[in-house]
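>>> Okay, predicted coordinates and the sequence, questions at the end:
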Amino acid sequence: MSDRVREILSWYGSDNPGTLTNLARLLNHGHLAGTGKLVILPVDQGFEHGPARSFAMNPAGYDPRYHFQLAVDAGCSGYAAPLGFLEAGAREFAGEIPLILKLNNRDSLMDEKDPAQAVTGSVADAVRLGCAAIGYTIYPASAHRLEMYGQLRALAEEAKRVGLAVVVWSYPRGGQLSKEGETAMDVCAYAAQIAAQLGAHIVKVKLPSAHLEQKAAAAVYEKQCIPIATLAERVRHVVESTFAGRRLVIFSGGPASTDDAVLEEIRAIRDGGGFGSIIGRNSFQRKRADAIKLLHNIMDVYAGRAK
Amino acid sequence: MSDRVREILSWYGSDNPGTLTNLARLLNHGHLAGTGKLVILPVDQGFEHGPARSFAMNPAGYDPRYHFQLAVDAGCSGYAAPLGFLEAGAREFAGEIPLILKLNNRDSLMDEKDPAQAVTGSVADAVRLGCAAIGYTIYPASAHRLEMYGQLRALAEEAKRVGLAVVVWSYPRGGQLSKEGETAMDVCAYAAQIAAQLGAHIVKVKLPSAHLEQKAAAAVYEKQCIPIATLAERVRHVVESTFAGRRLVIFSGGPASTDDAVLEEIRAIRDGGGFGSIIGRNSFQRKRADAIKLLHNIMDVYAGRAK
Amino acid sequence: MSDRVREILSWYGSDNPGTLTNLARLLNHGHLAGTGKLVILPVDQGFEHGPARSFAMNPAGYDPRYHFQLAVDAGCSGYAAPLGFLEAGAREFAGEIPLILKLNNRDSLMDEKDPAQAVTGSVADAVRLGCAAIGYTIYPASAHRLEMYGQLRALAEEAKRVGLAVVVWSYPRGGQLSKEGETAMDVCAYAAQIAAQLGAHIVKVKLPSAHLEQKAAAAVYEKQCIPIATLAERVRHVVESTFAGRRLVIFSGGPASTDDAVLEEIRAIRDGGGFGSIIGRNSFQRKRADAIKLLHNIMDVYAGRAK
Amino acid sequence: MSDRVREILSWYGSDNPGTLTNLARLLNHGHLAGTGKLVILPVDQGFEHGPARSFAMNPAGYDPRYHFQLAVDAGCSGYAAPLGFLEAGAREFAGEIPLILKLNNRDSLMDEKDPAQAVTGSVADAVRLGCAAIGYTIYPASAHRLEMYGQLRALAEEAKRVGLAVVVWSYPRGGQLSKEGETAMDVCAYAAQIAAQLGAHIVKVKLPSAHLEQKAAAAVYEKQCIPIATLAERVRHVVESTFAGRRLVIFSGGPASTDDAVLEEIRAIRDGGGFGSIIGRNSFQRKRADAIKLLHNIMDVYAGRAK
Amino acid sequence: MSDRVREILSWYGSDNPGTLTNLARLLNHGHLAGTGKLVILPVDQGFEHGPARSFAMNPAGYDPRYHFQLAVDAGCSGYAAPLGFLEAGAREFAGEIPLILKLNNRDSLMDEKDPAQAVTGSVADAVRLGCAAIGYTIYPASAHRLEMYGQLRALAEEAKRVGLAVVVWSYPRGGQLSKEGETAMDVCAYAAQIAAQLGAHIVKVKLPSAHLEQKAAAAVYEKQCIPIATLAERVRHVVESTFAGRRLVIFSGGPASTDDAVLEEIRAIRDGGGFGSIIGRNSFQRKRADAIKLLHNIMDVYAGRAK
């Protein structure tokens, strides 16, 4: 085990050896094994946006096995998906890649000001499918957030008891938040803090803009001169906000974009001390060869093999 | 066991042998045994539409035993009904036909914009009645959908643990959906995807029209030139959307119609690679002889014995 | 055991011998023992309408023991009441009459458009009080109906497991239903169907009028020429709608009326093939001697001893 | 044991010896031991009205031990209070006075049209504190009443199983009730009936006025000439309405008043056949000596030692 | 063990030795050990106000270990924080300081008229992390208060069973309360009473102003001439309102302020008989040396080593 992984595991002193083992499985798998960085393939788009919007541009992706194989071949640290997608390949790919069962989901057949998600899997499901971790989305700022926090609390407690790791997607939405506010600097940092306070081992947030949403927060950013001009600075502030860098915080890539644009963001995450990325639409919506190439390039940046 | 059934069972690698056995019971029963196709008789109309609207045109159907016998004599793959109807014949017909206990239902004494259903049976009921599967309806697009997904999740987990199969009726309704949107191409495919992601073994959706309901989806259908002009093409797209054809997706027949109209739809389902049908009102609302004749004709199409 | 009772028990093939034993206790008790007919004394008026409106016209009825004795002396098939009333006499009258614990109730201190009931007793209460059955009211057409169906489902499952019978009062109310619609022909038949589908052994509905409430249903009644002109025909249609007469469906008598009016209704129930009556206010709101006389006359009609 | 207590216990034939023992503890304690009458000291005012409004006029009452001692010294039948107050003295006063743990409470920091209460203690708490009974308030007529009835049902079932007695405060409030209606004759009698039907061993209601609130009830009171002109008559009607006097029904004294006014009410309760009183603010808001004197005078009236 | 601590423990006669042991751990730790006074460091600001608003002015505080060390070095009686913050240091600091796991929290990404909190930890979490107590916030006056009381009840019962102490933050907010009313004399005293009645061992309230919010209460304060002119008098009244000083009631310091202003408040708490303080923002938002100096000065006042 690399010193870096050993160091990271030391941050989780309240977890049992089972959970540390599963965190280590994620940190020791694929091209980034041992570096302390993570690149995870998430495929919940079929549930979240519907099948055609998710897979028509690369129809091989309709088949759930495609994504297991993509994650394996690209050397990802892990693969995250809802119950159905994992059930459809977990036996065939048993032992080939650490799995993360996403325990809640929502569709986009209804547009709601204050969104919530349905629980779509259980900790027992994660165990029987051989997963390394559970995943759960919270929507800080939604009117349903308190209920979501409570639900995550119960699931995380159960997961930790059986030695699983807990990955939390923290996406502020709804309520009194402006659209711009969903990725505001103060809001993203706050979202990361909440996920960490709720006991997440791995926190996933969106890349923050330089916008400041809440007045009381903006006043502090100005008075304390917190540097947030560049993306790398903003990533650094998020990492700081996640227990001074003692929790694994990774970033989502957003909608499909050009390779260059993606890689520029990755460099900023690296420079800001971020722990990696979750790359969904920018991987499985590309042709397989292109996706693997981009993922390798991303991992090279994180691993310090490329600038 | 036929190679085709063996192949289908191989898609369900995360299920225990008990659930595979019950899937096999459905796939190996009746006229379509071994073909990988299913024709299921569902009789929840008494609950959903009331007794007179369901049975007055063929009063023998008031008697719950009539439907067991019809399913047996027509060589159906299984018979699905609510608790009361199954309790009223399960002993008399024990072992004669695979049963599916429909675990939720709603009546039509109240018209609601965002419909939900009541839980009307349990997994334990399904077990004591000797069922092969549970059935559950979700209404994607209803304001109650998240709660329904969560309820299905819990029931499906319990059913899988005791070796039952899970059949999900996925009917988008309510919310911001137009009436036409309930059977829109994009919406039907999305509904099938959701049911599969929720862990259904068998998915039941309505036959889609060529209408596209959601803007974001319509843009993709056009850009990617997804063929949806013919019913067979639309069925094929639904099958693709259900884990690239690795989940059994079957179609409902809708209100009573002429034999020819029904058979034309069946041919389209067959040509599109659909796995079969649920035929309710077009069977038990016909005279017994006519129903059996139509069901035989349908099965012959699916089995490749008729064009 | 009479052939008729044996036949009736044969309709409940999914129930355990314990439940059959308790159904047999109801069918083999009192003046109608062995006839396959039931007359049950229900006294939930104290809860539903308050003490004075229930008992002031015959003050002996304030005492819970009065009703046990009345049911025994009149030769009723069983006695149904809420927890408090049963607790107040169950030891004194142990073994003298089959008891039905009414598990939900509502008062009339508040008038609600969409009514519901409170759960006021448990299956465990029914067992410790030596009851033969539980009773439960549903309000099809109320906005709360789905929750009520789900609650009944859970209680009925538990009751059946411990060998109790399940009696369901099915009273359509609220929602979009007109006052006249509460006893409409189509609505009463639908209410009976719902109770039977929910697994009731004994269904209790109100006597239907010739009014048809729902358009879609009315069209079928007319097209299929379902005869509903006389009360006996309407009773026959309700019996047909309750699994073709294979579930015990009994009728409530409504507010206090003259003996002649009551007996005319009883004859119609008998002629229509109904299985009996629940007679509340027309028994305990009469003087004891008058009540016993009327109940005997009613039973004579059902038993075929009077016309 | 006195014949009267033995007789009272005989009314509770469905309860186990444990519950009878605890009822006997209440009936055999203090100055009224053996008389079949009860005077209970309740101190939930701190929770319900706040500390200053409750105790500032007699500051010794801020100390929870004061009320235990007062109840002991005054020879009360029992002492009722919320969790905190009982926990603060239960060890020190163990065995000195039967305790009633009030399991629900509300504060007056918010004024609500349809009030409810929070559950603030458990049956397990009552058992570990050595209590003889649990107490629970229902608000018949509140929009929350059905939920309260259901909650009481569950707590009462559990309490009876472990041999505790159940005391129900039945205070109609909210909904469509006028302020005057809260103590109307018909409403008070109905409230007592509901508590008894819910399985209460001891029912506590307010003293009724001669006002009649509900039209349907008023018509019956007039037609049946129920005498309600005097307070004694009204008490008698409440007693009749509580299972013809076969349940212990006691009355609350209301806000602090003069000794003479209180004693006049006590005489009416005695003359009407009431079983006693709950005296809160008229005891602990007086100076200790005055409170004990008044309580003794009250008990003398109930015991027949004074007129 | 000091006589004072022994005396304080004697007030908790209904608790098991486990809970007394944990109360003693808090009372016997740090600079105030044995004095019967408590100064607790709470750090839930990251969750409540976001990371930048909480820690940017003293960035060392982003690291959860900083606060453990601060509490240890300053000689605090205990350290309270949400799950994530405690998990991040509980192993490293095991045995160095009594911990209080704050079981509910809310963020400020949404502003609600009637606030509530999410449950973010469990009693089992508190046990596995080696905590001495659980913490829980109630919002008396919020429309959600009844639910919060009930939730606290359940958690407190579980905590007491496993030998933990229960600390309740009682902050009246929302509903019909004015902003000024949140710290009104009558409201603060009422809030302390409610927490004590709910079974709290340690009650935390805000320092009251001389404002009186509720009319009915104001009348009593005037009539009974309760002295509330000085802060010390107001503290004394809160202490009196918390079971006549037989429950540990401590006070929160509010937003960051000058040392002098803080110490003046501390002297008033001491003079009024308060049991100590919770000092959050006035400690970790100062530089470490300044914070330790202020905390020492505060403790010297409480210990009688400074005036």
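Thanks, I have it.
>>> all strands of chain A, in order?
Under the criterion DSSP state E, chain A contains strands at A:38-42, A:78-81, A:99-102, A:104-105, A:118-119, A:133-138, A:165-170, A:202-206, A:248-252, A:276-278.
>>> in its sheet, what does the second one sit against?
Strand pairing for strand A:78-81, determined by DSSP bridges: strand A:38-42 (parallel), strand A:99-102 (parallel).
>>> quick one: contacts of the shortest one?
Translated: strand A:99-102. With contacts defined as C-beta atoms under 8 Å, 6 or more residues apart in numbering or on different chains, strand A:99-102 is touched by A:40, A:42, A:44, A:78-83, A:86, A:90, A:120-121, A:125-126, A:129-137, A:167. (C-beta placed from N, C-alpha, C; glycine too.)
>>> Then the longest one?
Identification of contacts with strand A:38-42 by C-beta under 8 Å, 6+ apart yields A:26-27, A:30-32, A:67, A:70-71, A:74, A:76-81, A:100, A:102, A:135, A:202, A:248, A:250, A:275-280, A:283-284, A:295, A:298-299, A:302.
>>> got a list of what the closest residue to residue A:84 other than its chain neighbours touches?
Once flanking residues are discounted, residue A:84 sits nearest to residue B:197: 3.7 Å by C-beta to C-beta, 6 or more residues apart in numbering or on different chains. The contact partners of residue B:197, taken as C-beta under 8 Å, 6+ apart, are A:46-47, A:82-85, A:105, A:120.
>>> Which among the contacts of strand A:99-102 count as buried?
The neighbour count (16 or more other C-beta atoms under 10 Å in any protein chain shown) marks A:40, A:42, A:44, A:78-83, A:86, A:90, A:120-121, A:125-126, A:129-137, A:167 as buried among these.
>>> Touching, residue A:265 and residue A:207? I think so.
Yes. Using C-beta atoms under 8 Å, residue A:265 is in contact with residue A:207, at 6.2 Å.
>>> What is the burial count for the closest residue to chain B within chain A?
Taking C-beta to the nearest C-beta, chain B has its nearest neighbour within chain A at residue A:91, 3.2 Å off. The tally of other residues near residue A:91 (other C-beta atoms under 10 Å in any protein chain shown) stands at 14.
>>> Also residue A:1?
Neighbour tally, residue A:1, other C-beta under 10 Å: 11.
>>> How about residue A:17?
Neighbours of residue A:17 using other C-beta under 10 Å come to 10.
>>> And the pLDDT for it?
On the pLDDT scale, residue A:17 is placed at 97.
>>> what's the answer for residue A:254, then?
Residue A:254 carries a pLDDT value of 69.
>>> got a list of what the residue of chain A found nearest chain C touches?
At 17.8 Å from chain C, residue A:118 is the closest residue in chain A, using C-beta to the nearest C-beta. Residues in contact with residue A:118 (C-beta under 8 Å, 6+ apart) are A:104-106, B:145-150, B:153.
>>> what about 7 Å?
A:104-106, B:146, B:149-150 (C-beta atoms under 7 Å, 6 or more residues apart in numbering or on different chains).
>>> Kindly report the same for residue A:203.
Taking C-beta under 7 Å, 6+ apart, one finds A:168, A:170, A:192, A:195-196, A:242, A:247-249 in contact with residue A:203.
>>> again, 6 Å this time
Residues near residue A:203 by C-beta atoms under 6 Å, 6 or more residues apart in numbering or on different chains: A:168, A:192, A:195-196, A:242, A:247, A:249.
>>> per-residue confidence for the residue of chain A found nearest chain E?
Nearest residue of chain A to chain E: residue A:13, at 3.2 Å (C-beta to the nearest C-beta). Predicted confidence (pLDDT) for residue A:13: 97.
>>> do the same with residue A:67
pLDDT, residue A:67: 98.
>>> That one: neighbouring residues, count only.
Residue A:67: 29 surrounding residues under other C-beta under 10 Å.
>>> Any figure for the gap between it and residue C:68?
Look at residue A:67 and residue C:68: by C-beta to C-beta, to the nearest Å, they are 68 Å apart.
>>> all helices of chain A, in order?
For chain A, the helices defined by DSSP state H cover A:3-10, A:17-27, A:45-49, A:51-55, A:64-74, A:83-87, A:123-128, A:145-161, A:185-197, A:215-223, A:231-241, A:259-271, A:281-284, A:288-303.
>>> tell me the mean pLDDT over the fourth one?
Read it as helix A:51-55. Average pLDDT, helix A:51-55: 97.
>>> For residue D:217, which of the strands of chain A is the nearest?
strand A:118-119 (47.3 Å; C-beta to C-beta).
>>> so how far is the closest one from its chain's centroid?
18 Å (C-alpha atoms, centre = their mean, to the nearest Å).
>>> And for stretch A:195-203?
11 Å.
>>> same deal with stretch A:246-255?
On C-alpha atoms, centre = their mean, the centre of stretch A:246-255 falls 5 Å from that of its chain.
>>> Please apply the same query to stretch A:192-203.
Centroid separation for stretch A:192-203 versus its chain: 12 Å, with C-alpha atoms, centre = their mean.
>>> can you give me the end-to-end distance of that stretch?
6 Å (C-alpha to C-alpha, to the nearest Å).
>>> Stretch A:90-100 now?
Per C-alpha to C-alpha, stretch A:90-100 runs 11 Å from first to last residue.
>>> And for stretch A:276-293?
Between the opening and closing residues of stretch A:276-293 there is a gap of 17 Å (C-alpha to C-alpha).
>>> likewise stretch A:168-179?
21 Å.
>>> what's the answer for stretch A:77-86, then?
End-to-end distance for stretch A:77-86, by C-alpha to C-alpha: 16 Å.
>>> Not counting residues beside it along the chain, what's closest to residue A:246?
Once flanking residues are discounted, residue A:246 sits nearest to residue A:11: 4.4 Å by C-beta to C-beta, 6+ apart.
>>> pretty sure the one you found is touching residue A:248, no?
No. Residue A:11 is beyond contact range of residue A:248, at 8.5 Å (criterion: C-beta atoms under 6 Å).
>>> These two: which is more packed in?
Neighbours were counted for residue A:11 and for residue A:248 using other C-beta under 10 Å; residue A:248 has more, 27 against 22.
>>> check contacts around that one.
A:202, A:275.
>>> Give the burial count for the nearest residue to residue A:176 once chain neighbours are set aside, as a bare number.
Using C-beta to C-beta, 6+ apart and skipping residues adjacent in sequence, the residue nearest residue A:176 is residue E:110, 6.0 Å away. Residues lying near residue E:110 (other C-beta under 10 Å) number 19.
>>> can you check residue A:293 too?
Around residue A:293 there are 14 other residues, counting by other C-beta under 10 Å.
>>> do the same with the one 10 residues further on
Other residues near residue A:303 number 17, with proximity taken as other C-beta under 10 Å.
>>> For the nearest residue to it once chain neighbours are set aside, give me the pLDDT.
Take residue A:303 and drop its neighbours on the chain: the residue closest to it by C-beta to C-beta, 6+ apart is residue A:35, 5.2 Å away. Residue A:35 carries a pLDDT score of 98 in this model.
>>> got it, and the one 10 residues further on?
The predicted local confidence for residue A:45 comes out at a pLDDT of 97.
>>> Please verify my assumption that it contacts residue A:54.
Yes. The criterion here is C-beta under 6 Å, and residue A:45 meets it with residue A:54 at 3.7 Å.
>>> For these two, indicate the residue with more neighbours.
residue A:54 (25 against 19).
>>> That one against residue A:46, yeah?
Yes. Using C-beta under 6 Å, residue A:54 is in contact with residue A:46, at 4.9 Å.
>>> Could you check how far residue A:14 is from residue A:164?
According to C-beta to C-beta, residue A:14 and residue A:164 sit 15 Å apart.
>>> What of residue A:147?
For residue A:147, the distance to residue A:164 - C-beta to C-beta - is 22 Å.
>>> Repeat that for residue A:33.
Applying C-beta to C-beta, the value for residue A:33 to residue A:164 is 20 Å.
>>> More neighbours: which of the two?
Higher neighbour count among residue A:33 and residue A:164: residue A:164, with 26 against 19, using other C-beta under 10 Å.
>>> what sits up against stretch A:213-224?
A:181, A:184, A:186-187, A:212, E:50, E:52-53, E:56.
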